[in-house]
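Undergrad: sequence and computational prediction follow.
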Amino acid sequence: MTRIQYQECIDACIKCMNACNYSYVSSLKEYDLASLRESIRLDRECADICSFAVQAMTRQSPFVAEILRLCAEICERCAGESSRHEHTHCQECIDSCRNAALACRLISDVVEVYA
């Protein structure tokens, strides 16, 4: 696959990475950090794996299908944790995470077929 074929997934991962980074920083400014501890941790994990997934796609890594499946799993978990909180930054993170998870799963399935 080429970068152009990956572009929709790359865009979804970048959007998710940005939403998670924003949520991470915003959560650190909240009064009750203890209740956001898991959300903060998953925001970081999700942003990092999305960044790594973009890198894997752009360099056409032979492990891209596995990386994208892991990215989808972490994005789904982050969305699930974010849905437990009513903060605006958490709510904004949910859609981005779910969209990235879907895009990653779709591309990982396509890559598997071509492999």
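TA: Now that the structure is in, tell me what you want to look at.

Undergrad: which stretches in the protein count as helices?
TA: Counting by DSSP state H, one finds helices in the chain at the ranges 3-28, 33-58, 64-82, 88-114.

Undergrad: tell me which other helices or strands the last one touches.
TA: Same thing as helix 88-114. Counting contacts by 3 or more CB pairs under 8 Å, 6 or more residues apart in numbering; DSSP states H and E, helix 88-114 is packed against helix 3-28, helix 33-58, helix 64-82. For glycine as for every other residue, the C-beta is placed from the backbone atoms N, C-alpha and C.

Undergrad: now do the buried residues in the first one.
TA: Of the residues in helix 3-28, those scored as buried under the neighbour-count criterion (16 or more other CB atoms under 10 Å) are 6, 9-10, 12-17, 19-24, 26-27.

Undergrad: helix 33-58 and that helix, what's the angle between them?
TA: Computed with axes from the mean of the first three to the mean of the last three CA atoms, to 10 degrees, the direction of helix 3-28 lies at 170 degrees from that of helix 33-58.

Undergrad: and helix 3-28, average pLDDT?
TA: For helix 3-28, the mean pLDDT works out to 93.

Undergrad: swap in the shortest one?
TA: Rounded to a whole number, the mean pLDDT of helix 64-82 is 97.

Undergrad: show me what it is packed against.
TA: helix 3-28, helix 33-58, helix 88-114.

Undergrad: let's have these in CSV, adding distance to Ile74.
TA: Output for the helices and strands packed on helix 64-82, formatted as CSV (distance: least, CB to CB, whole Å):
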stretch, distance to Ile74
helix 3-28, 10
helix 33-58, 5
helix 88-114, 8
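
Undergrad: wait, which of those helices is closest to Glu81?
TA: helix 33-58 (5.0 Å; CB to CB).

Undergrad: what helices or strands is the closest one leaning on?
TA: Contacts defined by 3+ CB pairs under 8 Å, 6+ apart place helix 33-58 against helix 3-28, helix 64-82, helix 88-114.
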